[in-house]
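Student: Please find the sequence and the predicted model below.
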Amino acid sequence: MEREIDISARHLVGWLRADPGGLSVRATREYLWDSAPVASGPEEPARLDSEDGIEVATTIGLVEVRPAARQEAGGGWVLRVRVENPLACHLPEDGSVPDEPEEIDLDEFEACFLDADAEDAAVTVEADRHPDARAFDKVLAAILASRPA
């Protein structure tokens, strides 16, 4: 079961940077492409023809945090911070975009995705069983008790 967590993504990333130990942290950046919409009417935007070759890139930043001991065994809980940036201002300078998510560090995640508009970040936790949810609640209490970075 997955639920939203009412916590600042910036606070969480700052807490993770302090290396609380016992956790596996993975941050990624991924690019999704979609045909560019064209303003047409109030109901639904028209789409450009795929032959026009114009696409809109959405950049997705994701941080996943798990208990290190449970990562290989499966189960447990997963804390996620997900940010979607439809402007794709984080395109690589060389112009090539990887097909798969690329790993980035927490500093890069914060710089790319947690700007002044970071309230768009979704923070959720998924726990397989009730004991896992209770174990996460102890971690959440430690996060909330920490001072924001």
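Tutor: Yes, it's here.

Student: since we're on residue 69, how many residues are nearby?
Tutor: By the criterion of other C-beta atoms under 10 Å, residue 69 has 11 neighbours. Quick note: C-beta positions are derived from backbone N, CA and C, even for glycine.

Student: Likewise for residue 83?
Tutor: 22.

Student: Parallel or antiparallel, list what pairs with the host helix or strand of it.
Tutor: For residue 83, the host element (DSSP states H and E) is strand 77-85. Take DSSP bridges as the rule and strand 77-85 pairs in its sheet with strand 55-67 (antiparallel), strand 122-127 (antiparallel).

Student: mean confidence score for it?
Tutor: Per-region confidence: strand 77-85 scores 93 on mean pLDDT.

Student: on that earlier part again, so which of the strands paired with strand 77-85 is nearest residue 142?
Tutor: In terms of C-beta to C-beta, the element of the strands paired with strand 77-85 nearest to residue 142 is strand 55-67, at 12.2 Å.
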